[in-house]
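Student: Build me a model:
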Amino acid sequence: MKKSLKFAIGALVFIGLLAIGFLVFNNYAEKKIRASLETSLKKVNASFEKVDVKVLNRKAEIFQPEFRFKGKVLKVDTIEIDNIHLWDYLTKKNLIIGDLNISNPVIKIYNLPSDDQSDTIPKEPEKETEFKNEVLLKRVKISGGSFEIFEKDSSQHRLFTSLKKLRMENVHINARTVKESVPFDYELIRMYCDSLFYDLDDRHTMTASTFEMDNFDILTTDFRIIPKYSRAEHQKTIRVEKDRYNLKIDTIRLNNFNWNVDKDTMEITNSFTEIRGGDFRIYRDKLQPDDPSIKPMYSKMIRELPIKLGIDSVRVSHVYLRYEEKVRQGREPGLVEFSGLNGTIYHLSNIGMGRKAFPETHVIAHANLMKQAPVSMDLKFNIADKSDRFEVSGSMNDLQASQINNFLEPAMNVKAEGVIQSMNYYFAGNAYQAQGNMKVAYEDFKVEVLKKDGSEKNKIVSALANLIVKNKALSEKADYKSIEVQRDRSKSFWNYLWTCIKNGALKTFL
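Tutor: Here you go, the predicted model:
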């Protein structure tokens, strides 16, 4: 009995000592992990309310964390850390976490000027601190919440999206990554957002119903660029001619999308982009003064982008394009529309422009002009070529002249009759001038020059015009006319191309 009692007492003492030792170890481990988390947070310029660690459950919580990097602020209510690998930390000082779960976070980024600091974002001197530990987050899950970017003041959204879910795997943080614009590496990301809003500029906003990323593939639905003002109100916000855009795209798909930041320059690459189902309406009021600034060619625009861009190909399908131009007060705007627009762009890139085999950018497009006449265009240019040379060719067939009166009458005060049987053109040039040739075959083509108010034709001027027009040209007898055009550098490339075609048509008709 005495031996049994001694054994029992000894066992109880051992268990008690073990319990005390475990509690001491538990307390020690909790303090060590808490201290490590707090130190790691501070090293990435993060503040927080408190850190709670439960070693028995291998869990930790961070309350009210606020991260600062590169002038950005990110706020979250609570971060839950689960499945902490204690042995790796205690033996190697590396923090390995199985799961990081964030529920319904409100993530905010403030882009405020350096001299505009508020009480909620106090300015603190940045400290150069060496980040020695390795942090690995095996799985990161965010469910619900929102992502917001503020600019100019703390109440004005620049971007807002409702974040439904986010999954990341193998997120690494180390001494190298904390110095980057994005202070971590990752191997896999899946994200789903809705209610995307972006304040594009002073006159337009951008929205999308959904934005989905599956590792290297992106799908966006119901993408829109929406004008903030009516046509009349839009004119009050500008001093010179500026287009008013209204764009809707059913789906945008990007395959093999990738991005990185190197020396503060972002690089974006993807192998294939598909834009499917679009409605793009452009309105310009030419009663406003011209914008005299020089408009760069597309090659120069892409060459001088603030980011590096590498897109292998872009396919556009089932798009409707409508351009309206108001030229005269009290008259309806002139209208040009293209339906069934399909096209492909190859080699849209400004990466590695110094290499000899830098590929040409090639644009091929087909559509129906005024819902009737088939038109095509083939455009080539080299983004690396600083002379901005280009070649463009195209054709049009079977256009009833009456179909283009919606543009000719309001814009040029001219009304046409007859048929343009075919038109073919080729032009080559640079940012200053272009040369080429054009052939137009037409039959029974007549023009009516309207009076200033557009109400009826000017019979005398119309008669003189029709005496000049060669209205018996047939397809088999039509020949090419040489054209030379000096570019107005304050106008866009499309105005440049239109001037080439217009001059070619006039040389054919007269």
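
Student: part of a helix, is T499?
Tutor: Yes. The assignment for T499 is a helix, going by DSSP: H, G, I helix; E, B strand; the rest coil.

Student: Contact partners for the residue lying closest to it once chain neighbours are set aside?
Tutor: Leaving aside its sequence neighbours, T499 sits nearest to V485 (C-beta to C-beta, 6 or more residues apart in numbering; 5.5 Å). The way it works is simple: take the backbone N, C-alpha and C, and place the C-beta from them, glycine included. Neighbouring residues of V485 by C-beta atoms under 8 Å, 6 or more residues apart in numbering: F427, G429, Q433, A434, Q435, Y496, T499, C500, N503.

Student: which of those residues are buried?
Tutor: Taking 16 or more other C-beta atoms under 10 Å as the criterion, what is buried in the contacts of V485 is F427, G429, A434, Y496, T499, C500, N503.

Student: Just the ones of these in helices?
Tutor: Among the buried ones among the contacts of V485, the ones falling in helices (DSSP state H) are Y496, T499, C500, N503.

Student: which residues sit in contact with the third one?
Tutor: In this case it means C500. C500 is in contact with Y425, F427, A434, G436, M438, I483, V485, counting by C-beta under 8 Å, 6+ apart.

Student: go with 10 Å
Tutor: 392, 425-427, 429, 434-436, 438, 483-485, 487 (C-beta atoms under 10 Å, 6 or more residues apart in numbering).

Student: And for the first one?
Tutor: By C-beta under 10 Å, 6+ apart, Y496 lies in contact with 295, 297, 390, 392, 427, 429, 431, 433-434, 485-489.

Student: Helix or strand with the lowest mean pLDDT in this protein?
Tutor: None of the helices or strands of the chain scores lower by mean pLDDT, DSSP states H and E than helix 459-468, at a mean of 46.

Student: Name the spans of the protein whose pLDDT lies under the cut-off.
Tutor: 1-45, 55-57, 68-73, 86-92, 111-131, 152-155, 181, 412, 448-479, 509-510 (pLDDT under 70).

Student: Now do the helices in it.
Tutor: Going by DSSP H, the chain shows helices at 2-43, 86-92, 231-236, 298-303, 405-412, 459-468, 493-509.

Student: what's the distance between Y245 and D194?
Tutor: Counting by C-beta to C-beta, to the nearest Å, the gap from Y245 to D194 is 23 Å.

Student: actually Q421, not the one I wrote
Tutor: 50 Å.

Student: before we move on, back to that, just the closest of the buried ones among the contacts of V485 to L137, please.
Tutor: Of all these, L137 sits closest to Y496, with 52.9 Å by C-beta to C-beta.

Student: Distance check, that closest one against I307.
Tutor: Taking C-beta to C-beta, one finds Y496 at 26 Å from I307.

Student: cool, and G334?
Tutor: Going from G334 to I307 by C-beta to C-beta gives 36 Å.

Student: now A357
Tutor: 23 Å.

Student: tell me the strands in the stretch 301-450 of the chain, going along the chain?
Tutor: 308-326, 334-349, 361-369, 373-381, 390-400, 414-429, 433-449 (DSSP state E, counting those that start in this stretch).

Student: so which of the ones you listed comes closest to I225?
Tutor: With respect to I225, and counting by C-beta to C-beta, the nearest of those is strand 308-326 at 13.6 Å.

Student: Can you show me the strands along the stretch 51-200 of the chain?
Tutor: Using DSSP E, counting those that start in this stretch, the strands of the stretch 51-200 of the chain run over 59-63, 66-69, 72-75, 78-84, 95-103, 106-111, 135-143, 146-151, 157-173, 188-198.

Student: Looking at those strands, spot the one closest to M370.
Tutor: Of all the strands of the stretch 51-200 of the chain, strand 188-198 sits nearest to M370, with 33.6 Å by C-beta to C-beta.

Student: and that closest one with strand 157-173, angle?
Tutor: Angle of strand 188-198 versus strand 157-173, following axes from the mean of the first three to the mean of the last three C-alpha atoms, to 10 degrees, is 170 degrees.

Student: Which strands or helices does strand 188-198 pack on?
Tutor: Here strand 188-198 touches strand 135-143, strand 146-151, strand 157-173, strand 204-214, strand 217-227, going by 3 or more C-beta pairs under 10 Å, 6 or more residues apart in numbering; DSSP states H and E.

Student: Save these as a markdown table, and put in distance to E443 too.
Tutor: Formatted as a markdown table, the helices and strands packed on strand 188-198 follow (distance: least, C-beta to C-beta, whole Å):
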| stretch | distance to E443 |
| --- | --- |
| strand 135-143 | 66 |
| strand 146-151 | 59 |
| strand 157-173 | 56 |
| strand 204-214 | 44 |
| strand 217-227 | 41 |
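
Student: possible to save those strands as TSV with distance to S47 and mean neighbour count?
Tutor: Formatted as TSV, those follow (distance: least, C-beta to C-beta, whole Å; neighbours: other C-beta atoms under 10 Å):
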stretch	distance to S47	mean neighbour count
strand 135-143	18	18
strand 146-151	18	17
strand 157-173	17	17
strand 204-214	29	17
strand 217-227	33	17
